[in-house]
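> Compute the structure for the input listed below.
(one chain, ligands or ions: 1)
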Amino acid sequence: MGDPVLELRQVSKLYRTGGHPFVAVRQVDLAVAAGEIVGIGGPSGAGKSTLLRMLAAIEPPDRGEVWLAGEAAWRRVGGGLRRRVPRPGYVMAVFQDPPGSLDPYWPVWRSVTEPLIALGPRLSRHDRRNLARDWLARVGLAQVDPRAMPAQLSVGQCQRVALARALIAQPAAIVADEPTSALDVTSGAGIIRLLREAAMGGTAIVVVSHDQRMLDVLADRVTRLVDGRLTDPRS
Ligand SMILES: Nc1ncnc2c1ncn2[C@@H]1O[C@H](COP(=O)(O)OP(=O)(O)OP(=O)(O)O)[C@@H](O)[C@H]1O
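Numbering: from 1, shown residues only. Down below sits the predicted model:
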């Protein structure tokens, strides 16, 4: 088997609020292989979102290491840290606040197709709109005009736009924070199907949620984060 797509090695994260240190994530080890879906449950404030941000190499850990495809994601350069990902769009994140994670001044087509720009293909505005229309249909938003602005969409629709944006560049990994929280049962089932399809295509997926049933249905392996510590996987 090759290197894990995403890996945390003894990762800890500490926040200082009002001068008081608070350990949000404690010595977590986690490795996710290509095509694997890992679910992480746990109570509010357990550190799940913090863990996802570190898996996506958005935020560096204070202790331990994040590895992507067998390479350290953060390198010390001078006095600071430099982020290194194997390629643009290697890991795509879907955050908990879908409207807030879309640029409010961009039409939906632009947000959905943005990850493709970093990968190099020169696409006309016309092509980008058509591609966005296809991907919107795949996430159950065939009725949404790609020229719509985020403010014209519901929270659940924004959540699906964010998922289309994550899927479009066929990333090596997707990390998703409560990806079905704003959706009705049918739409949620559609998202679960899309994530499964992505995993069958080789994408490593980590989903955090309070919804234990959804995690049980979706994931190959479900674990829990409690007070920043990962408990033993249940399967
Ligand atoms: N940027 C930050 N600065 C200070 N404290 C933070 C920061 N981000 C998170 N925390 C704290 O770290 C802890 C874990 O937060 P986190 O959002 O990771 O939990 P969570 O399990 O995702 O919670 P929820 O399920 O409610 O979203 C919380 O106590 C939170 O207040």
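
> following the helix or strand of the chain with the lowest mean pLDDT, which helix or strand comes up?
Lowest mean confidence among the helices and strands of the chain (mean pLDDT, DSSP states H and E): helix 98-101, at a mean of 76. Per DSSP states H and E, the first helix or strand lying C-terminal to helix 98-101 is helix 108-119.

> Which strands or helices does that following helix pack on?
The helices and strands touching helix 108-119, judged by 3 or more CB pairs under 8 Å, 6 or more residues apart in numbering; DSSP states H and E, are helix 125-138, helix 155-168. The way it works is simple: take the backbone N, C-alpha and C, and place the C-beta from them, glycine included.

> avg pLDDT for it?
Mean pLDDT, helix 108-119: 89.

> Show me what the top helix by length along the chain packs onto, helices and strands only.
Using DSSP state H to define each element, the chain has its longest helix at helix 185-200. If contacts are counted by 3+ CB pairs under 8 Å, 6+ apart, helix 185-200 sits against strand 37-41, helix 155-168, strand 173-177, strand 204-208, helix 212-218.

> of the ones you listed, which approaches Pro60 most closely?
Across the helices and strands packed on helix 185-200, Pro60 has its closest neighbour in strand 173-177 (15.4 Å, CB to CB).

> got the contact list for the closest one?
If you take CB atoms under 8 Å, 6 or more residues apart in numbering as the criterion, strand 173-177 is touched by 5-6, 32, 48-49, 52, 55-56, 68, 90-96, 163, 166-167, 195, 198, 203-209.

> Keep only those of those residues that are also close to the ligand.
Among these, proximity to the ligand is found for 48-49 (CB under 6 Å from any ligand atom).

> what about Arg76, is that helix, strand or coil?
With DSSP: H, G, I helix; E, B strand; the rest coil as the basis, Arg76 sits in strand.

> now the longest helix of the chain against helix 125-138, angle please.
Going by axes from the mean of the first three to the mean of the last three CA atoms, to 10 degrees, helix 185-200 is angled at 110 degrees with respect to helix 125-138.

> mind starting the numbering at 24 from now?
All right, first residue 24 from here; so that's helix 208-223.

> I'd like the mean pLDDT over helix 208-223, please.
Here the average pLDDT along helix 208-223 is 88.

> can you list the residues that contact it?
The contact list for helix 208-223 (CB under 8 Å, 6+ apart) reads 58-60, 161-163, 179, 183, 186, 190, 193, 197, 199, 202-203, 206, 228, 230, 237, 240-241.

> Check those residues for burial and list the buried ones.
Neighbour counting with 16 or more other CB atoms under 10 Å marks 59-60, 161-163, 179, 183, 186, 190, 197, 199, 202-203, 206, 228, 230, 237, 241 as buried within those.
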